[in-house]
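Asker: Give the three-dimensional model of this entry:
(chains A, B, C and D)
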There are 2 protein chains.
Amino acid sequence: MVTLAEVAQHAGVSASTVSYVLSGKRSISMSTRERVERSIQQLGYHPNAGARALASSRSNIIALMVPLRTDMYVPVMMEIAIAVATTARTHGYDVLLLTGEEGPTAVRRIAGSSLADAMILMDVELQDERLPLLRETDRAAVLIGLPADTDGLTCVDLDFEATGALCVEHLAGLGHREIAVIGEAAAVYERHTGFAERTVDGVRAKAQEAGVRVLHRSCEGGYAAMAQTLARISDERPGTSGFIVQNEAAVEPLLNLLRQQGRAVPEDVSVVAICPEQVASQASVRLTSVAIPAQEMGRRAVEQVVAKLGGRGTDEVELLAPELTVRASSGPAPLG
Amino acid sequence: MVTLAEVAQHAGVSASTVSYVLSGKRSISMSTRERVERSIQQLGYHPNAGARALASSRSNIIALMVPLRTDMYVPVMMEIAIAVATTARTHGYDVLLLTGEEGPTAVRRIAGSSLADAMILMDVELQDERLPLLRETDRAAVLIGLPADTDGLTCVDLDFEATGALCVEHLAGLGHREIAVIGEAAAVYERHTGFAERTVDGVRAKAQEAGVRVLHRSCEGGYAAMAQTLARISDERPGTSGFIVQNEAAVEPLLNLLRQQGRAVPEDVSVVAICPEQVASQASVRLTSVAIPAQEMGRRAVEQVVAKLGGRGTDEVELLAPELTVRASSGPAPLG
DNA sequence: AGGCGGTGTCGAAGCGCTTCGACACGGTTG
DNA sequence: CAACCGTGTCGAAGCGCTTCGACACCGCCT
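Answerer: Model prediction:
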């Protein structure tokens, strides 16, 4: 391995000069800068990460805690993770991948060992166990998701309330008077991950405003569960003509079952999904949907974290505005 | 931050003794060990990662390069990544997440900076650009996937040839004489990722042995593409009664289209999928399938890498044996 | 009793980098 | 012309840890 000292010798300058060329923290004359840079090239020098971290007490690493479970929102999580990794690189950071498995301990371990300069937490619950620890440390952190108490925390998330409202607005605008929300699995609500509840809140508020009736039912993924959920909805609210689906695993079953029942989409019933673009555009009926802006969320989280590390940080909640894309699954409500 | 020196002072021993307690590299008397451990607890000491890396020239970090594209095999990739992260932790390693974006440069950067002790590469192509660099460095590495030349490389992958053969064996055993393979998108074959080709090779070999005719067609995801592919197959081989699908995004479209055409599964046609368990068990017909053992692959890759770092390494290709699970989508071929 | 090996502990020397204060030099300024 | 300033460079002191060789001590053997 080539060291700083070797580069310095090769360029005929002192080690500190090389360091300053690299960091740009002091002005360096054009001539020596060029000489040093040439030496770096020629010798194929790469700064030793450990030494740098030790001396500067900054590792240039951002830790990303992803949920352990791979049962829901996998593509979204993956997309966020990848966006985080690539965005981090453009800011000179690498990303350390932590799974939820270790739980709160991981926060302590990472902060304690100075392994990472900052953390990004995904899959945040309303009462998240990691938050107390996070508040204790001086490490910069950003949450993707919204806990109950956001005090002193920086959060990035889709504005799920607005999302719910937007879906209702769209359906109401098309004349639908009875709407059903097919939500995530019951476990998601029990875990209090927040986003699901917030969506429903947004739906309810807007529905009241628009004079629309709403029924909300959770739904496990798969066909059997969907069939049951759908039956219950038909039972309780036979007049339902609009569906809002927030559950990737329920989308295709829903469309299939409606088809089997001879209810045409969008002529008889309209469906609006809250899901990644890909799911919406590849479904058997191209779905009118509000996309989950995974990339944007990952990108913004990193930018916030980098800003904080640069001292330009702000503790604030950033809610991304939802966008509804009209596709083939929604249309005017059938006449009376 | 608490330092080793502070722990030493608190416990009334020297710094080196504390270090030896931590590493276990020299014998320590029961009494001092306990005293030191108590001090560590009380002070909440965590070793500084940078200092440790510098002094020991080992970072206890494994770099994981995941593909940048999020268009295929996302759940599989995610599952592998998570398995890698959790398995790594049980061996005392953390995982650095690199995206394919940086390409071969990342290999150089990581090796040069001593940021990671080892690398695990996913999404390996037959002629992968990263391999020459990998062979140059002395860093331990394991590939998930199989390049054309595995010389001097350690690889872990599902045995896709055996997988293809297994599918044929199952269908042939049920009396199917004409089989169609619905493969990945054409781009996958062009990129020469290997696994797709190997599957087809396995299929062909077994088919010849079993006296079965095989037609192989690539297929983009989605309904339109599937409809087209299916039409071509019906055209060229109207007698086809068995399908092998190796494309997550094609599974549901295929089942739907068959249904629309009035061809019952499994009475009229049988379908065998090569896909993650979850997809197979949640599809609209529970699919007979060969699972992609994502977790196992991630786990084995880490174990290999750790073995290498421990000097017990072997350069060898480890192919995991496929397992076929019979579910509801395959049955006896229709008579005549 | 003297010597020997084993065990447990310590001191000191780095690992490769950053960063602070010092300083030399040439160009301004009063 | 002297005092002054800004610019560019250097030396040295660590950052917190690992690890090597040294050494003190104990019990054992002869």
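Asker: In the stretch 151-300 of chain A, which residue sits nearest DNA strand C?
Answerer: residue A:154 (24.1 Å; C-beta to the nearest atom of the strand). For every residue, glycine as well, the C-beta is placed using N, CA and C.
Asker: what phi and what psi does the backbone show at that residue?
Answerer: With angles defined as degrees, to the nearest 10, residue A:154 sits at phi -110, psi 130.
Asker: who touches it in this structure?
Answerer: A:141-143, A:304, A:308, A:313-318 (C-beta atoms under 8 Å, 6 or more residues apart in numbering or on different chains).
Asker: residues in contact with the closest residue to it other than its chain neighbours?
Answerer: Excluding the flanking residues, the one nearest residue A:154 by C-beta to C-beta, 6 or more residues apart in numbering or on different chains is residue A:142, at 4.8 Å. Going by C-beta under 8 Å, 6+ apart, residue A:142 touches A:118-121, A:154-156, A:301, A:304-305, A:308.
Asker: Among the contacts of residue A:154, find me the one that's closest to chain B.
Answerer: In terms of C-beta to the nearest C-beta, no member of the contacts of residue A:154 lies closer to chain B than residue A:142, at 16.4 Å.
Asker: Secondary structure element holding residue A:37?
Answerer: In the assignment (DSSP states H and E), residue A:37 maps to helix A:30-43.
Asker: any residues touching whichever helix or strand comes after that helix, and which ones?
Answerer: As assigned by DSSP H and E, the chain's next helix or strand after helix A:30-43 is helix A:49-56. Helix A:49-56 is contacted by residues A:59-60, A:114, B:48-54, B:57, B:59, B:113-115 when judged by C-beta under 8 Å, 6+ apart.
Asker: tally of neighbours for residue A:307?
Answerer: For residue A:307, the neighbour count with other C-beta atoms under 10 Å in any protein chain shown is 16.
Asker: pLDDT score assigned to it?
Answerer: Note on residue A:307: pLDDT of 95.
Asker: ok, now the one 4 residues further on?
Answerer: In the prediction, the pLDDT value recorded for residue A:311 is 86.
Asker: related to what we said a few turns ago, ok, the helix holding residue A:37 near DNA strand C or not?
Answerer: No - if you take C-beta under 7 Å from any atom of the strand as the test, helix A:30-43 misses DNA strand C, and the best it gets is 10.2 Å.
Asker: any residue of that helix up close to DNA strand D?
Answerer: Yes - using C-beta under 7 Å from any atom of the strand, we find that helix A:30-43 touches DNA strand D at A:31-33.
Asker: pretty sure residue A:176 is in contact with residue A:239, am I right?
Answerer: No - Residue A:176 is beyond contact range of residue A:239, at 9.7 Å (criterion: C-beta atoms under 8 Å).
Asker: Skip the chain neighbours and tell me the closest residue to the residue of the stretch 101-250 of chain A found nearest chain B.
Answerer: Per C-beta to the nearest C-beta, residue A:112 is where the stretch 101-250 of chain A lies closest to chain B, at 3.0 Å. Using C-beta to C-beta, 6+ apart and skipping the chain neighbours, the partner closest in space to residue A:112 is residue B:46 (3.0 Å).
Asker: Low-confidence stretches in chain A?
Answerer: Where chain A drops to pLDDT under 70, the residues are A:70-72, A:336.
Asker: what about the strands in the stretch 1-150 of chain A?
Answerer: A:61-66, A:94-99, A:118-121, A:140-144 (DSSP state E, counting those that start in this stretch).
Asker: what's the closest of these to DNA strand D?
Answerer: Here strand A:61-66 is closest among these (C-beta to the nearest atom of the strand), at 16.3 Å.
Asker: Tell me which residues are up against the closest one.
Answerer: Against strand A:61-66 from outside (C-beta under 8 Å, 6+ apart): A:77, A:81, A:84-85, A:88, A:93-100, A:106-107, A:110, A:115-123, A:130, A:302, A:305, B:82, B:96-97.
Asker: Tell me the strands beside it, with direction?
Answerer: Paired strands of strand A:61-66, with direction, are strand A:94-99 (parallel), strand A:118-121 (parallel) (DSSP bridges).
Asker: Give me whichever of those strands is most buried.
Answerer: The highest mean neighbour count among those, using mean count of other C-beta atoms under 10 Å in any protein chain shown, belongs to strand A:118-121: a mean of 26.
Asker: ok, now which ones touch the residue lying closest to residue A:12 once chain neighbours are set aside?
Answerer: Counting by C-beta to C-beta, 6+ apart, residue A:12 lies nearest to residue A:35, which is 7.2 Å off, once chain neighbours are set aside. By C-beta under 8 Å, 6+ apart, the residues touching residue A:35 are A:11-13.
Asker: Please identify the helix or strand for the nearest residue in space to residue A:201 that is not next to it in sequence.
Answerer: Ranked by C-beta to C-beta, 6+ apart and with sequence neighbours excluded, the top spatial neighbour of residue A:201 is residue A:161, at 5.6 Å. Assigned by DSSP H and E, residue A:161 belongs to helix A:160-173.
Asker: Output that helix as CSV, restricted to C-alpha atoms.
Answerer: Extracted in CSV, the C-alpha atoms of helix A:160-173 (Å, rounded to 0.1, in the frame of the first residue of the first chain):
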residue,chain,number,x,y,z
PHE,A,160,-49.4,10.1,3.3
GLU,A,161,-52.3,12.2,4.6
ALA,A,162,-52.2,14.3,1.5
THR,A,163,-51.9,11.0,-0.5
GLY,A,164,-55.1,9.7,1.0
ALA,A,165,-56.8,13.0,0.4
LEU,A,166,-55.6,13.1,-3.2
CYS,A,167,-57.0,9.6,-3.9
VAL,A,168,-60.4,10.6,-2.5
GLU,A,169,-60.4,13.9,-4.4
HIS,A,170,-59.8,12.0,-7.6
LEU,A,171,-62.5,9.5,-7.0
ALA,A,172,-65.0,12.0,-5.7
GLY,A,173,-64.3,14.2,-8.8
